[in-house]
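Enquirer: Got a predicted structure here, sequence first:
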Amino acid sequence: ELKVEQNPLFLSMQEGKNYTIYCNYSTTSDRLYWYRQDPGKSLESLFVLLSNGAVKQEGRLMASLDTKARLSTLHITAAVHDLSATYFCAVDEASGTYKYIFGTGTRLKVLA
Amino acid sequence: NAGVTQTPKFQVLKTGQSMTLQCAQDMNHEYMSWYRQDPGMGLRLIHYSVGAGITDQGEVPNGYNVSRSTTEDFPLRLLSAAPSQTSVYFCASSYGSGGNGYTFGSGTRLTVV
């Protein structure tokens, strides 16, 4: 059974600081997704990582994937209040099954 | 282009009642899934489909049925509602090999009393 673990579960940080959210998973899948969810809203796709060593960047967020370590990171650079949200990673249970399992999420609060 | 449309947005059921949550997408996506979201537990996969006529169970399928007679629609049926099924339900769809990630609907907030 696939396990997807995120840490930390909660993160409170000051504006302007850097931090990293970690997503560990137990399968050999090489597909990993990051999503953002604002309170009371639906989920929005942020990054799609489809191979070992993949790195994607959008604004102050950068995601990377290490399939050998079964680890993805979401790095936040110089955080701003607008980044406050819950971030989820999701992994294909096995390559090609399209059965995506989500982590429990990291609730990020950026303090002004 | 409406994306993924879920109805209703809110629903209150009595224990034992049945109902169908509707999900439709107009993007010709092959892959569709239903998730439930509960506080502190992230999203859990209920059922998913890789194309019309093909469905499979996810992590928490008990108490739910699905069918996929068309590419566009993927309804979720609650057979006999229980308080444990109180949750927010999200439908999502994706094209091809998930290259763009899932597009999520706006969710259905279900309360079973």
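Expert: Good, I have the coordinates.
Enquirer: Tell me if stretch A:69-80 is near chain B.
Expert: No: Stretch A:69-80 stays clear of chain B (C-beta under 8 Å from any C-beta of the partner chain), getting no nearer than 13.5 Å. All C-beta atoms are positioned from the backbone trio N, CA, C, and that covers glycine.
Enquirer: quick one: terminal-to-terminal distance for that stretch?
Expert: Taking C-alpha to C-alpha, to the nearest Å, stretch A:69-80 runs 30 Å from one end to the other.
Enquirer: Near chain B, which residues of chain A are found?
Expert: Proximity of chain A to chain B, by C-beta under 8 Å from any C-beta, involves residues A:31, A:33, A:35, A:41-48, A:50, A:88, A:90, A:92, A:96, A:98-105.
Enquirer: Tell me which residue is most central in chain B.
Expert: B:Trp34 (3.0 Å; C-alpha atoms, centre = their mean).
Enquirer: Hmm, B:Arg77 and it touching each other?
Expert: No: between B:Trp34 and B:Arg77 no contact is recorded; they are 10.4 Å apart, counting by C-beta atoms under 8 Å.
Enquirer: For these two, list the residues in contact with both.
Expert: Contact criterion C-beta atoms under 8 Å, 6 or more residues apart in numbering or on different chains; residues shared by B:Trp34 and B:Arg77: B:21, B:64, B:66.
Enquirer: Quick check: beta-bridge partners of the closest residue in space to A:Tyr100 that isn't next to it in sequence?
Expert: Using C-beta to C-beta, 6 or more residues apart in numbering or on different chains and skipping the chain neighbours, the partner closest in space to A:Tyr100 is A:Ala90 (4.7 Å). A:Ala90 has these beta-bridge partners by DSSP bridges: A:Tyr33, A:Phe102.
Enquirer: show me what contacts A:Ala90?
Expert: The contact partners of A:Ala90, by C-beta under 8 Å, 6+ apart, come to A:4, A:32-35, A:100-103, B:43, B:102.
Enquirer: same thing with B:Tyr35?
Expert: The neighbours of B:Tyr35, taking C-beta under 8 Å, 6+ apart as the test, are A:102, B:43-46, B:58, B:89-92.
Enquirer: if you set the cut-off to 10 Å instead, what comes out?
Expert: Listed by C-beta atoms under 10 Å, 6 or more residues apart in numbering or on different chains, the contact set of B:Tyr35 reads A:43, A:90, A:100-102, B:42-48, B:58-60, B:87-92, B:102, B:104, B:107.
Enquirer: Can you read off the pLDDT for it?
Expert: Looking at B:Tyr35, its pLDDT stands at 97.
Enquirer: Let me know the helix or strand that it is in.
Expert: For B:Tyr35, the host element (DSSP states H and E) is strand B:31-37.
Enquirer: Partner strands of that strand, with direction?
Expert: Strand pairing for strand B:31-37, using DSSP bridges, gives strand B:43-51 (antiparallel), strand B:87-94 (antiparallel).
Enquirer: Please identify which helix or strand holds whichever residue of chain B sits closest to chain A.
Expert: Residue nearest to chain A within chain B (C-beta to the nearest C-beta): B:Gly101, separated by 3.4 Å. Element membership for B:Gly101, per DSSP H and E: none, as it lies in no helix or strand.
Enquirer: Find me the pLDDT at B:Pro39, would you?
Expert: According to the model, B:Pro39 scores 85 on pLDDT.
Enquirer: list the contacts for it?
Expert: The contact partners of B:Pro39, by C-beta under 10 Å, 6+ apart, come to B:87-88.
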